[in-house]
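1. For reference, the sequence and a predicted model appear below.
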Number of protein chains: 4
Amino acid sequence: MHMTFSVAVAGASGYAGGEMLRVLLAHPEARIGALTAHSNAGATLGGIHPHLRSLADRVLAPTGVEALAGHDVVVLALPHGASGAVAAELAGRGDGAIVVDLGADHRLVDPVAWETYYGSAHAGTWPYGLPELLHAGEPTASAQRDALAGARRIAVPGCNVTAVTLGLQPGVAAGVIEPVDVVAVLAVGYSGAGRTLKTHLLASEALGSAQPYAVGGTHRHIPEIAQNLRAAGAPDVTISFTPTLVPMSRGILATATARLVEGTDPAAVRAAWEAAYADEPFVQLLPEGQWPTTAATLGANTALVQVAVDARAGRVVTVTAIDNLVKGTAGGALQSLNLALGLPETLGLPLEGVAP
Amino acid sequence: MHMTFSVAVAGASGYAGGEMLRVLLAHPEARIGALTAHSNAGATLGGIHPHLRSLADRVLAPTGVEALAGHDVVVLALPHGASGAVAAELAGRGDGAIVVDLGADHRLVDPVAWETYYGSAHAGTWPYGLPELLHAGEPTASAQRDALAGARRIAVPGCNVTAVTLGLQPGVAAGVIEPVDVVAVLAVGYSGAGRTLKTHLLASEALGSAQPYAVGGTHRHIPEIAQNLRAAGAPDVTISFTPTLVPMSRGILATATARLVEGTDPAAVRAAWEAAYADEPFVQLLPEGQWPTTAATLGANTALVQVAVDARAGRVVTVTAIDNLVKGTAGGALQSLNLALGLPETLGLPLEGVAP
Amino acid sequence: MHMTFSVAVAGASGYAGGEMLRVLLAHPEARIGALTAHSNAGATLGGIHPHLRSLADRVLAPTGVEALAGHDVVVLALPHGASGAVAAELAGRGDGAIVVDLGADHRLVDPVAWETYYGSAHAGTWPYGLPELLHAGEPTASAQRDALAGARRIAVPGCNVTAVTLGLQPGVAAGVIEPVDVVAVLAVGYSGAGRTLKTHLLASEALGSAQPYAVGGTHRHIPEIAQNLRAAGAPDVTISFTPTLVPMSRGILATATARLVEGTDPAAVRAAWEAAYADEPFVQLLPEGQWPTTAATLGANTALVQVAVDARAGRVVTVTAIDNLVKGTAGGALQSLNLALGLPETLGLPLEGVAP
Amino acid sequence: MHMTFSVAVAGASGYAGGEMLRVLLAHPEARIGALTAHSNAGATLGGIHPHLRSLADRVLAPTGVEALAGHDVVVLALPHGASGAVAAELAGRGDGAIVVDLGADHRLVDPVAWETYYGSAHAGTWPYGLPELLHAGEPTASAQRDALAGARRIAVPGCNVTAVTLGLQPGVAAGVIEPVDVVAVLAVGYSGAGRTLKTHLLASEALGSAQPYAVGGTHRHIPEIAQNLRAAGAPDVTISFTPTLVPMSRGILATATARLVEGTDPAAVRAAWEAAYADEPFVQLLPEGQWPTTAATLGANTALVQVAVDARAGRVVTVTAIDNLVKGTAGGALQSLNLALGLPETLGLPLEGVAP
């Protein structure tokens, strides 16, 4: 049986758009349609993404419904604030495409949280594209998969959010860690900052250096992490979240720690993570004593997770490695899209990283 | 039609062996059989190659014909000097496997060249696994493909050799560059040095530094490059070859330059490269003015090539980018194996790089 | 006035020993005497530390009191467990040298903490070489400087300890942060792991990757951080501490966070850090909104510190950048040695980093 | 004796200007005066160069003679084309400052070469700031030192030029290598491209990649190298020159090769390099078998050189490592300035690199 689908990508010249094309090229049912861009409209893709050899001669159209209409799926890799209008315009024309938003606009349920962190009007909430998201009371993730099955709109999670959520949610759902006073510090590769021309993103500044950004509770991924941990059963969540840029192009290594619920048997901790991820195709709890490295996830739709109990500190420490552009963005999007299309969730998605 | 084949990999714990497994996992007809190692025998693969998630539970057997016998294909990723004996032992037992040698033992035709550069007895010559190798008088590569069709033994080229050969051979075959006094300088990633524990290979020494090795004509890839350029029609070849390690894990950027044959029209230069590679699936001559980057080839069985004429210097300059472990090793091996097995040459091989 | 002193360095072939020589070469009063090594004894320094051009022809003697005796100062850059015996042997011979230990042996006051984390007998406690260490009740650091003035033995702090202590101690001393439930996550360069030949320290494994180590409360720097925060006035300390190796050779970026004492005015937080470091020559609180980068400290005896209050999370977040080999090891040692010798504390120490 | 001099730096916000400040801060006689910038005028230096702690509070004035006049020395770190006018304006006001140009404007003697490579009118030629430049017939460099002694104008060489010239000139001067058909390929760090905002200079593009630029004889450093080799005695020079950007912030590793003059005894080759550099304070010919690394030169005014004869290829191969911002720019400038001021040539210049 085949179920070929056509897909347009808006914002194809950025890193998220380019990676979406890379994973789509490896998908047996995807047929890549229109590619659009803003300032790069008119250029051929080969000069922008020389690694995407199969699409080197494709010309980028200007982003707009003219180019995007008429596909089975439209993927939006646009700056935040832009997705809602495009989706509405498509719907207004009666275009029945599934719309996948790689941006932030439709992730948050709470309009107040949106307005607090983004400073603009909320565009509404779409089904959240993290199939592994645990809901309260679930031993393993199924409610989120149900929400994505047949969905016509998908809000793909933030890359840092995916890493921290996958690291912590088993403990929240099992009630073995406190969801308040969570602390997460992430080592993040530079592709996570996009293809923007800023001095601190220059190679000369980055090489041999580590630098934090959005310190002190200002990062926009914070309310999204809180929302996910509440979904997993936390009545309330507080989180200190600090991302640091380190000299690699891809990858997130998220160290996320939470207080052990008093009186918890350490064995119950590992059991919670084992139960949650035993059957997850893309989330692997490593054998005890082996720690995740981002290199092992490069190019793969994989999250590697490890957990340890620090009895003296009274904290559970989790480390999660993902490729920010794959499991953190384009791969996660395609995984959710598979569910929306009724295809096998794992179809066409890379399991193996490119290492060393 | 299916033509499934079983394959054993000897030396599976090294980088070449691990990459062979990665490309085989993506091949629709390959069934991975025995995996063997020397000092890592007994270990599970997950602890050694955590990026190869599908094989994480596989246990490494000791390298030897006991484990390797009985497969359709045996890939040898062993230190040089070891392959000949394993192949002979397999043959001696009547084992009919196709043997693919990722090492150097069977690449050179000339036993004197072998002995000069390797200081040991020559193990014999196997069909050379570079399908794109031009032979004298050919407009595009076909004789080498004929040599590999149905072959039972394959000697996979050295990674640096692949890069330099692909860069220069169109000019040699077309008679527009002099094959004497060739100069090649390569920027090479650290995985090319293998997983050996040596001080100069430590991250602390490599990060922020560039260092040459095997300077002054001592590198063992020199006679192999010369052999290839002679195949392309050069009566005699001299080459100055200097590899330099630069702070990246994968990738070769080979700058290879040769004197323009006096009186040659510069247009004839580009025409020679265009003609040679117009139909090559894995070698791409970039549009004029665009230069190769190794990042664009990461994880892909792709060589990106560019050529320019420096009229003042009287030299043609070529730059070739490959992933040393893919087109330079495991991908090239699988490409040749496809030919040996009568499968489509491109079957299961990655075209798209993982970038940025 | 001149006060030239002679100095021997034991363990000169390692990174700490080499860096000690680099800072000593720039010190106007130091005269470098014997250099010793273990497995590298007999070699010339030029082949081991080619960056130390002035000492290229020096030959390494075997480590032992024969070579080390007769200097004004002996610096020990030895594996932990070895320093006590050397110091005792020197003292036993009546050698009056000041002994500076770059290793861990004499840092901890509490023998139980030593035995818990190091698993061997405690060698005793030496004056602790962190002049900026705040003691309870002090507005700025002076007691520790008093302890180092004229000292004959100096225990140089661990590099990670220096970063975390400098980040947090103003808040502890001022009573604005809780010293329990501290969380510190560090991005650390590979030179911090020493010149040891281990697979995970290879450039091929490190480039493009981030990896944690000693997760879950096992790192030996934990009791030392706790000891320092207790000195600053904390009745009790608990700390979750996770170092992660990132692809740079030098540098520590320490993100250390602690709960804001309830009811504290955020302005009091900044005031505490400002007061503590206003007059420190080597610790700089950056202007508000500017965050430390490790590149800015490379080669310098400098700690760059920033602090922010995350009101929603109820935590104070500090980020500290140092060069692990300078302020974290050799530069800090020389700063303390200046005090011990009665020289100006800043004499000969580099203030400026090498950037970009 | 003291001979304090005041110095203004125009273009202080760029990498060359920043590095000039770093080396001046370590110079015992330099007193740093006005600092100027173009788009960064009005900013404090601490936000731009956080590694220059001693100057953090300095405010950048707009570049112009108003700020620059009245100093003993003016260093120009400006885009090419801008230096001539500033120098003329200073002279026109009767300002007697020594002017040091870090840019290209006054390096070339031949106006035709200038116009060919830069496409603008030639600004004139200033004394060339490479004290080690050999002139024909000299056993060791002295004529260039004479030219710089007491000079009022200094044109600092290009960084790549310094590396290639130091690598090759002993062989040209001694007549053991052919100055025609020279081939140089360089691995260059990203700071060499300046602080310009261009996509290919982003960390996300650079990390894990190597990329060439200015291939095919177009690089503006080519006529300058030729000029230097002619000074060393070459009647005519042709050179193929290819720089490649590799993932490090600083450093140049130049592999430069030239044909061995027929019939030359290989021992005469090493002898030529030994004689030329035996007494040079900042150029070190390494012991045979040891090869330069850029890390060993980081932050130092040092060139490490090695040479080998490849008898089969008939070529001499030289490898030279420098820090592009120190010996390649600011350190070399200060070395020449010492000569111009009548100070010891080595005064205040760093000999030791910061490694690992």
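-> Sure thing, it's come through.
2. And residue A:287, which helix or strand is it part of?
-> Under DSSP states H and E, no helix or strand contains residue A:287.
3. Now do the same contact list for it.
-> If you count contacts by Cβ atoms under 8 Å, 6 or more residues apart in numbering or on different chains, residue A:287 has them with B:46, B:47. For every residue, glycine as well, the C-beta is placed using N, CA and C.
4. Those residues of the stretch 51-200 of chain A touching chain B, which are they?
-> A:51, A:52, A:53, A:54, A:56, A:191 (Cβ under 8 Å from any Cβ of the partner chain).
5. can you rerun that using 6 Å?
-> Within reach of chain B by Cβ under 6 Å from any Cβ of the partner chain, the stretch 51-200 of chain A has these residues: A:51, A:52, A:53, A:54, A:191.
6. and the third one, how many residues sit next to it?
-> The one in question is residue A:53. Using other Cβ atoms under 10 Å in any protein chain shown, residue A:53 has 23 other residues around it.
7. So it is in contact with residue B:350, correct?
-> No - using Cβ atoms under 6 Å, residue A:53 is not in contact with residue B:350; the gap is 10.0 Å.
8. just to revisit the earlier point, for the residues of the stretch 51-200 of chain A next to chain B, which one is nearest chain D?
-> residue A:191 (4.4 Å; Cβ to the nearest Cβ).
9. Would you agree that closest one is in contact with residue A:14?
-> No - contact between residue A:191 and residue A:14 fails when scored by Cβ under 6 Å: they sit 9.9 Å apart.
10. For the two, indicate the residue with more neighbours.
-> Between residue A:191 and residue A:14, counted using other Cβ under 10 Å, the more crowded position is residue A:191 (29 against 23).
11. Give me the three-state assignment for the more buried one.
-> helix (DSSP: H, G, I helix; E, B strand; the rest coil).
12. mind listing what it touches?
-> By Cβ atoms under 6 Å, 6 or more residues apart in numbering or on different chains, the contact set of residue A:191 is A:15, A:249, A:250, A:325, B:356, D:204.
13. Which residues does the helix or strand of chain A with the lowest mean pLDDT contact?
-> Here the helix or strand of chain A ranked lowest by mean pLDDT, DSSP states H and E is helix A:83-92, holding a mean of 92. Contact with helix A:83-92 is made by A:65, A:76, A:99, A:101, A:103, A:105, A:123, as judged by Cβ under 6 Å, 6+ apart.
14. Please produce TSV containing the residues you listed, extended by neighbour count and secondary structure.
-> Shown next, in TSV, are those (neighbours: other Cβ atoms under 10 Å in any protein chain shown; DSSP: H, G, I helix; E, B strand; the rest coil):
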residue	neighbour count	secondary structure
A:65	20	helix
A:76	28	strand
A:99	25	strand
A:101	28	strand
A:103	21	coil
A:105	25	coil
A:123	25	coil
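15. Closest one of the residues you listed to residue D:244?
-> If you rank the contacts of helix A:83-92 by distance to residue D:244 using Cβ to Cβ, residue A:103 comes first, at 35.9 Å.
16. The closest one: what's it in contact with?
-> Contacts of residue A:103 by Cβ under 6 Å, 6+ apart are A:78, A:80, A:83.
17. can you do 10 Å?
-> A:11, A:16, A:76-84, A:123, A:155-156, A:158 (Cβ atoms under 10 Å, 6 or more residues apart in numbering or on different chains).
18. What parts of the stretch 201-350 of chain A come near chain D?
-> Residues of the stretch 201-350 of chain A lying near chain D by Cβ under 10 Å from any Cβ of the partner chain: A:201-209, A:245-250, A:298.
19. before we move on, back to that, from the contacts of residue A:103, list the buried ones, please.
-> Buried members of the contacts of residue A:103, scored by 16 or more other Cβ atoms under 10 Å in any protein chain shown, are A:11, A:16, A:76-78, A:80, A:82-84, A:123, A:155-156, A:158.
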